[in-house]
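Trainee: here's a sequence, model it:
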Amino acid sequence: MSADELLAASRDARRTSAEDRGAPAVSLPLRIQPARASALGWSPDLFALTLLVGNATFRREDGALVPRGSGPVVAVCAEYERPLVSLEPPALASYSLVRARLSGMPTLRLPGGWLRGPLRLESTRRTARPCARRDEAIARASRFLDELNEAWQRRLGAVLEIGWPVYGPEHDGPVLDAVSGTALPELVLR
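Mentor: Here you go, the predicted structure:
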């Protein structure tokens with residue numbers, strides 16, 4: 001069984017269990033620890049947003065995210081309902097998936113090659129909680145990617161589910177990206 005099939009099987013097993021709708025199995029590397037997030041004014045509670053990445057594969061032996069085939073790599077953040085313009089560091093597009101149909105879908109270039117190593121993923125922390133309404137957000141993002149795959153004549157391939165670690169606000173306010181340490185737009189996490 002390939003690493004992609006293993007990730008898909010673990011995701012499907014989680015979805016079938018009504019009481020255990022956990023975060024994705026792998027995530028972007030956590031660089032901001034809970035104590036630092038708390039010192040910066042955010043809650044130390046770790047959440048995992050869901051990134052759906054097409055035309056990429058997870059190489060289990062070294063934890064690398066690498067392109068699969070020659071098709072374009074695309075990514076969507078399900079909870080924000082926005083495409084990503086970068087994965088390292090993760091960056092949301094300024095427009096929604098609805099607008100992406102009019103403006104075009106940004107394609108990504110995954111790091112890796114002679115001078116730069118690939119983006120390494122890690123196991124999602126057990127303390128990372130999924131966001132409220134995660135399943136609904138994934139369903140909407142998956143429908144968008146299915147339509148995109150159809151429009152691109154089946155060049156998108158299988159989609160990976162990757163966690164994006166974030167910290168919620170202590171009160172009302174923006175979300176803290178636990179990968180790059182930047183503020184993200186407000187989002188209901190609980």
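Trainee: poorly predicted segments of this protein, please.
Mentor: 1-21 (pLDDT under 70).
Trainee: can you give me the strands for it?
Mentor: Taking DSSP state E, the strands of the chain run over residues 26-27, 42-54, 56-59, 64-67, 74-77, 82-87, 90-92, 119-120, 122-123, 129-130, 159-169, 175-177, 183-184.
Trainee: out of those strands, which is closest to Q33?
Mentor: strand 42-54 (8.8 Å; C-beta to C-beta). For glycine as for every other residue, the C-beta is placed from the backbone atoms N, C-alpha and C.
Trainee: in stretch 175-190, what's buried?
Mentor: For stretch 175-190, a neighbour-count test (16 or more other C-beta atoms under 10 Å) marks 175-180, 184, 187, 189 as buried.
Trainee: partner residues bridging the most centrally placed residue in the chain?
Mentor: Nearest to the mean C-alpha position of the chain, counting by C-alpha atoms, centre = their mean, stands L51 at 2.0 Å. Beta-bridge partners for L51, by DSSP bridges, are C77, I162.
Trainee: distance of it from L102?
Mentor: In this view, L51 and L102 are 22 Å apart by C-beta to C-beta, to the nearest Å.
Trainee: with R133 instead?
Mentor: The value you get for R133 to L102, if C-beta to C-beta is used, is 25 Å.
Trainee: which of those two has more neighbours?
Mentor: Neighbour tally, R133 and L102, criterion other C-beta atoms under 10 Å: the higher count belongs to R133, 13 against 7.
Trainee: OK, contacts around the closest residue to P169 other than its chain neighbours?
Mentor: Among residues not flanking P169 along the chain, W42 sits closest, at 6.0 Å (C-beta to C-beta, 6 or more residues apart in numbering). By C-beta atoms under 8 Å, 6 or more residues apart in numbering, the residues touching W42 are 167-170, 175-176.
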